Every structure is written in C-alpha cells, then in structure tokens.
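S.K.: sequence? don't have it. structure:
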C-alpha cells in the first residue's frame, strides 16, 4: 500500500458543430491504437450520418477536428 500509481490516459476527442453553430464534443477514452486518420474520419462521418447524438443546440451538423489527448493520472488516495 501507499504507492502512487501513474497511468497514462488517452482520449480521442471528436469535435463537431451543432445546428446552432456551437461546439459539440464526443470523447472516446482509450481508443484502439494506432489511430488511422481514415478510420477516425469514417467514424465521424458515421456519427453525422446516423444522427444518434442530440446536443442542447440541436443535431450534430459538421465535423471540426479530431485530436488525441494524453494525460497522466496519478492516484493519490484510493479506498
């Protein structure tokens, strides 16, 4: 016990714009790697086509960007 554990958490952030022109983000934690640009674009196109996410500003309407975020997470206290 007492040992800090360090994890690297990766999140694929898919950024869109909704009907009102406001940003809408879908986060996917620990995506399968390596990420292939075409696969990410296909997934974003599928999200647009299927229209399964509704935001407070309406439907998701257009793609903006996709980025992979890595962050270090250290457990300080775990019960």
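M.R.: Cool, the structure landed. Computed from a predicted structure; not experimentally measured. Numbering: from 1, shown residues only.

S.K.: which stretches of the protein have low pLDDT?
M.R.: 1-3 (pLDDT under 70).

S.K.: Spatially central residue for it, please.
M.R.: The residue lying closest to the centre of the chain (CA atoms, centre = their mean) is residue 27, at 2.1 Å.

S.K.: Give the other helices and strands that the strand or helix carrying that residue contacts.
M.R.: Residue 27 belongs to strand 23-29 when assigned by DSSP states H and E. Where contact means 3 or more CB pairs under 8 Å, 6 or more residues apart in numbering; DSSP states H and E, strand 23-29 is packed against strand 5-18. Placement of C-beta: from N, CA and C, glycine included.

S.K.: Could you pull out the buried residues of the strand it packs on?
M.R.: Within strand 5-18, the residues that count as buried by 16 or more other CB atoms under 10 Å are 12, 14, 16, 17, 18.
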